[in-house]
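[1] Kindly return the folded structure for what I paste below:
(one chain, ligands or ions: 1)
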Amino acid sequence: MEMTPEIIERLEKLNDKYAALGQDLTSYLDGLLYADSVKYWNYIQVDTLLSLQKPKTSFPDEVIFIVYHQITELYFKLALNEFEQLGEEVNLSKSFFVERVGRINRYFEALIKSFEIMVTGMDKEQFLKFRMSLLPASGFQSAQYRFIEMYSTDFINLVHKDKREALEGSTSISEMYEFIYWKEGATEVLTGKKTLTLEQFEKRYQKEFIALGEKCHTRNLWQVYQRLSPNEQLDENVINCLRQNDINVNINWPLAHYKSAVRYLQRTNDDIAATGGTNWQKYLPPRFQKRIFYPELWTESEKEDWGKSWVFDSLA
Ligand code: HEM
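    This next block holds a predicted model:
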């Protein structure tokens, strides 16, 4: 093959690059010479990926349950990748903000749409059996879900709605963490005690949650938004992408998820009390949680009606 001017130009650039690092280009060219070519299955780690499903039972539908949780965690990872870049961006512009929040919105929209795979895509008899082998694990223990919340909003908005007013103005993440809204979701109805699910979750992640809460104090999405100019903050596209984010994460995903709990777990209140379980019917619906990341962007009546019409529409 001929040494074209393009090849020579690139070799010179490479030579400059390695010379600047005090390195000898020839050795690196040797490295290229001996390196194996990249193959799809190695690069994507297909074999490893497909070896990560380890059912606890032999019910075939348990694989659907595991894979769909893994898919969700991967989308959460993509969302966190965007939150991190938004928090670190030094030359923040309106277009960067809208584009990156748009990416997060698309990830959640893909999850909301695909949740039917859980809601209608498993055999109920099988589910009710294999879930007994998974206790006390629960999607409640998804740490990435909690990271996303902390990367989205000021910590006070994650405090239980009954405690928010009292803690308004607190700068201590540990103090607010004591009353984080989701502890209610893993508290036994009869005794008021923390469930084992919650105890194990906190033992594993509590330190990380508090550290991340502190880190996100100045770089959660709401704080990033405040760094836009006053005019940019009023821009329709900017406001709409944040409002869409609030709807996706705090209404539509929770509702899609709630529908699966209704399909598989709905029983009478007596049954729930008898098992000493959590009252997820009173905890999961967005109209009860009233978790809102960007309350400043909603009117009083929109906040008052948070999740109400959607509940009736989708569960009727
Ligand atoms: C058939 C499918 C599912 C059912 C029946 C179900 C059921 C439940 C229930 C009853 C809770 C309340 C806490 C508890 O009692 O453990 C819960 C919480 C939760 N689940 Fe699921 N779940 C399903 C699928 C998923 C999937 C695919 C994910 C994805 C990671 C997930 C993530 C979560 C999260 C993040 C919470 C906490 C929600 C919050 O605190 O607001 N779940 N789930």
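[2] Got the domain ranges for this structure?
    Here the chain is described, according to automatic domain parsing, as comprising the domains 5-35, 60-315.
[3] Any idea which of those domains gets closest to the ligand?
    domain 60-315 (2.4 Å; CB to the nearest ligand atom). For the C-beta atoms, the positions are set from N, CA and C on the backbone; glycine is no exception.
[4] I figured T57 hits S133, correct?
    Yes. A contact is recorded between T57 and S133 when judged using CB atoms under 8 Å, the distance being 5.1 Å.
[5] quick one: contacts of stretch 28-38?
    The contact list for stretch 28-38, computed with CB atoms under 8 Å, 6 or more residues apart in numbering, reads 14, 18.
[6] whoops, stretch 67-80 was the one
    By CB under 8 Å, 6+ apart, stretch 67-80 touches 52-53, 103-104, 107-108, 110-111, 114, 117-118, 139, 142, 144-145, 147-148, 151.
[7] Quick one: mean pLDDT over it.
    Averaged across stretch 67-80, the pLDDT comes to 98.
[8] got the CA coordinates for it in CSV?
    Output of stretch 67-80 as CSV, limited to C-alpha atoms (Å, rounded to 0.1, in the frame of the first residue of the first chain):
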residue,chain,number,x,y,z
VAL,A,67,-33.9,-9.5,32.7
TYR,A,68,-36.4,-6.7,32.9
HIS,A,69,-35.0,-5.5,36.3
GLN,A,70,-31.5,-5.6,34.7
ILE,A,71,-32.7,-3.6,31.7
THR,A,72,-34.2,-1.0,34.0
GLU,A,73,-30.9,-0.7,36.0
LEU,A,74,-29.0,-0.2,32.7
TYR,A,75,-31.4,2.7,31.7
PHE,A,76,-30.9,4.1,35.2
LYS,A,77,-27.2,3.9,34.6
LEU,A,78,-27.6,5.9,31.3
ALA,A,79,-29.7,8.5,33.2
LEU,A,80,-27.0,8.9,35.9
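[9] Could I get the buried residue list for that stretch?
    The neighbour-count check on stretch 67-80 (16 or more other CB atoms under 10 Å) flags 68, 72, 75-76, 79-80 as buried.
[10] That one near the ligand anywhere?
    Yes. Interface with the ligand: stretch 67-80 contributes 68-69, 72 (CB under 6 Å from any ligand atom).
[11] starting at the chain centroid, how far to that stretch?
    Relative to the centre of its chain, stretch 67-80 is centred 7 Å away, using CA atoms, centre = their mean, to the nearest Å.
[12] mind listing which of the residues of stretch 67-80 next to the ligand are in strands?
    Using DSSP state E, no member of the residues of stretch 67-80 next to the ligand falls within strands.
[13] Which of those fall within helices?
    Among these, the members falling in helices (DSSP state H) are 68-69, 72.
[14] what's the most buried one of the domains of the chain?
    Per residue and on average, the most neighbours among the domains of the chain fall to domain 60-315, with a mean of 16 (mean count of other CB atoms under 10 Å).
[15] still on that earlier bit, hmm, which two among the buried residues of stretch 67-80 are most spread apart?
    Y68 and L80 (18.9 Å; CB to CB).
[16] Tell me which helix or strand L32 sits in.
    Under DSSP states H and E, the secondary-structure element containing L32 is helix 25-34.
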